[in-house]
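**Student:** The following block contains a protein sequence and its predicted model.
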Amino acid sequence: MIEVIKFGGSLCHPDSIHAALAWLEQQAQSHSIVVVCGGGAYADLVRSEQQRLGFDDEIAHRQALLTMEQTAFFLQGIWQHITGRVMPISDSGAAMTLWSPRRLLLDHHAVPASWDITSDSLSIWLANEIGATQLSLMKSLDISLDQGSPFDWHVKGWVDAAFSDMAQGAAYPIRLVGREVWG
């Protein structure tokens, strides 16, 4: 079993990071996980700079991919500080691996360059690419047990605009994991 877990950038906060990482480690005890990091505050900076300076979506997309990698490096450093172990940023086949979106920087046509596609939708893209058996989106939200379907989540403001379309035809369960689960 391979699970893709999208680790929201908002979880990189002193009040939540340790509990969120403990939950990730617990998941890795029973199966392999690949963690897709959100861009968090780094991606927010790209958004504001794009508005301020007016560069195009292609440049913003490439910068946003780099913010995901920056969050992965941050997470790797925190993980090593807590556990003394290194969480690899690669396709190493380890029980818990951080995904690097670097390939998408080189392949300009793998996904459209748009703010409609964030790390939420990229986690679906990756799950499809690697044949994942489950996709979980870790969020800093307090999510009720009645989440609705993944096709409702954009309307609720929980995922990006492309998520519903990209979730169509997913051959694996998709779930939201909020504070009530990992916290």
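**Tutor:** Noted; the coordinates are in hand.
**Student:** following the lowest-mean-pLDDT helix or strand in the chain, which helix or strand shows up next?
**Tutor:** Least confident helix or strand, the chain: helix 102-106 with a mean of 72, by mean pLDDT, DSSP states H and E. Where DSSP states H and E defines the elements, the next helix or strand beyond helix 102-106 is helix 119-130.
**Student:** Which strands border the helix or strand that that next one is followed by, and is each parallel or antiparallel?
**Tutor:** Using DSSP H and E, the helix or strand that follows helix 119-130 in sequence is strand 134-138. According to DSSP bridges, strand 134-138 forms sheet pairs with strand 2-7 (parallel), strand 174-177 (parallel).
**Student:** Let's have the ones you listed in CSV, adding mean pLDDT.
**Tutor:** Formatted as CSV, those follow (pLDDT from 0 to 100):
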stretch, mean pLDDT
strand 2-7, 95
strand 174-177, 92
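**Student:** Out of these, the one nearest residue 42 is which?
**Tutor:** Distance to residue 42, taken as CB to CB, is lowest for strand 2-7 among those, at 13.5 Å. Heads up, the C-betas are built off the backbone N, CA and C, glycines and all.
**Student:** what ranges of this protein fall below the confidence cut-off?
**Tutor:** 90-94, 105-106, 108, 144-146 (pLDDT under 70).
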